[in-house]
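S.K.: return atomic coordinates for the entry below.
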Amino acid sequence: MEEGTAGESEGNGPMKPSKPSKKKAKPPKAPLPTERETTRAVLDRLRAHGIYSRKGLPGRGAKKGVADILGGLPGGRKLALEVETAKGRLP
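M.R.: Below is the predicted model of the structure:
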């Protein structure tokens, strides 16, 4: 076999043209909301339903293990929500 012969690769015979892929192109994924955006949306939804709720304020007395959202439900029940993103993890 001569070196540099067009259309042939070493020991594999003639090269075949590549076939077009049969896979359909997937639409681009929308970016996931951040934890801040999700927390804001949850607070807005709770307030729309008349439920008192507050964001836990890290660095202002909130300690490790305190939920992201604290609130009060009708009847005196307490509400505590931890908000995580898809990449976040709970202990």
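
S.K.: can you give me the helices for this structure?
M.R.: Ranges of helices in the chain, per DSSP state H, are 35-48.

S.K.: so, low pLDDT: which residues of it?
M.R.: By pLDDT under 70, the low-scoring segments of the chain are 1-13, 19-21, 58-63, 88-91.

S.K.: next, count neighbours for Ser53.
M.R.: 19 (other CB atoms under 10 Å). Bear in mind the C-beta positions are built from the backbone N, C-alpha and C, glycine included.

S.K.: for it, give me its contacts.
M.R.: Leu43, Leu46, Arg47, Ile69, Leu70, Gly71, Gly72, Leu79 (CB atoms under 8 Å, 6 or more residues apart in numbering).

S.K.: make it 6 Å
M.R.: For Ser53, the contact set (CB atoms under 6 Å, 6 or more residues apart in numbering) comprises Leu43, Leu46, Ile69, Gly71.

S.K.: quick one: contacts for the closest residue to Thr38 other than its chain neighbours?
M.R.: Of all residues not flanking Thr38 in the chain, Val83 sits nearest, at 5.3 Å (CB to CB, 6 or more residues apart in numbering). Contacts for Val83 (CB under 6 Å, 6+ apart) come out as Glu35, Thr38, Thr39, Asp68.

S.K.: from those, which is closest to Leu57?
M.R.: Among the contacts of Val83, Asp68 lies closest to Leu57 (CB to CB), at 10.2 Å.

S.K.: let me have the contacts of Val83 in a markdown table, extended by distance to Pro28.
M.R.: Putting those into a markdown table (distance: CB to CB, whole Å) gives the following:
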| residue | distance to Pro28 |
| --- | --- |
| Glu35 | 22 |
| Thr38 | 21 |
| Thr39 | 26 |
| Asp68 | 29 |
